[in-house]
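Participant: got a structure for you, letters missing:
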């Protein structure tokens, strides 16, 4: 991080703007920001730099969509997410950059495939929380599976966004419910990750100095996302989320 060029700084600024946009419009687009940070900085250290940027975006998203969250879904997810965060922390103790990239890329592609298969196998739910308001055994198992994967991927590479996006889509959430639930989820989860990241040495004075230069770029991205989200068709919204997840997974596997 001591030898960042002007062009690299510009790329990080653009990725920070995209963080703001993804938090208020298309959550899966976060994988592009993740890929840019991992390309400019060492993959492991990039997670520590990106985390405060994500938290800034989460705060803005909560301010915009705070009344649209579905708390039963959040409360059902958090125990499994906590287990995933602990598992991710253990993994980060010994994992190198290659292991991080390969593991997250494979998980994202697998989850995207599962989501596409599930959506073709049954009609789209009509309501925002059709599955989650009736916690059947299968619904609880799905919540636990996605929760553990979301916690693991968000701790290892800040890549929990696509996993949770796929979960909310599979549960039938519409745009506002999707964005409100996602906003509160990631504000709570990302904030809880800070002590773990500090303990792993991923967040330090140098990383925070870089964050101070980048965090202001999140604001225009969040504003642009808020303006655009009402103009995005629901079906197109779903396809963008899944497409961004696939592209992010491929980028991590091939880089």
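Facilitator: Yep, it's here. Everything numeric here is computed off the predicted structure, so don't read it as measured data.

Participant: And the residue nearest the centre of the chain, what's its pLDDT?
Facilitator: Centroid-nearest residue in the chain: residue 161, 1.9 Å away (criterion: CA atoms, centre = their mean). The predicted structure scores residue 161 at 75 on the pLDDT scale.

Participant: mind starting the numbering at 8 from now?
Facilitator: New numbering, starting at 8: the last item is residue 168.

Participant: quick one: secondary structure of it?
Facilitator: Of the three states, residue 168 takes helix under DSSP: H, G, I helix; E, B strand; the rest coil.

Participant: Surely residue 227 is in contact with residue 24?
Facilitator: Yes: counting by CB atoms under 8 Å, residue 227 does reach residue 24; the two are 6.0 Å apart. Every residue, glycine included, has its C-beta placed from N, CA and C.

Participant: Between the two, which is the more surrounded one?
Facilitator: Taking neighbours as other CB atoms under 10 Å, residue 227 and residue 24 compare with residue 24 leading, 22 against 13.

Participant: what does the helix or strand where residue 88 lies contact?
Facilitator: Here residue 88, judged by DSSP states H and E, is contained in helix 78-101. Identification of contacts with helix 78-101 by CB atoms under 8 Å, 6 or more residues apart in numbering yields 51, 106-107, 110, 136, 139-140, 142, 147, 150-163, 171, 174-175, 178, 188, 191-192, 195-196, 199-200, 203, 207, 209.

Participant: Among those residues, which are located in helices?
Facilitator: Of the contacts of helix 78-101, the ones assigned to helices by DSSP state H are 51, 106-107, 110, 147, 150-163, 171, 174-175, 188, 191-192, 195-196, 199-200, 203.

Participant: OK, contacts around the closest residue to residue 38 other than its chain neighbours?
Facilitator: Leaving aside its chain neighbours, residue 38 sits nearest to residue 255 (2.5 Å; criterion: CB to CB, 6 or more residues apart in numbering). Contacts for residue 255 (CB under 8 Å, 6+ apart) come out as 35, 38-39, 41-42, 112, 115, 166, 169.

Participant: can we see that at 7 Å?
Facilitator: With contacts defined as CB atoms under 7 Å, 6 or more residues apart in numbering, residue 255 is in contact with 38-39, 41-42, 115, 169.

Participant: could you measure it against residue 114, distance?
Facilitator: Distance, residue 255 to residue 114, using CB to CB, to the nearest Å: 11 Å.
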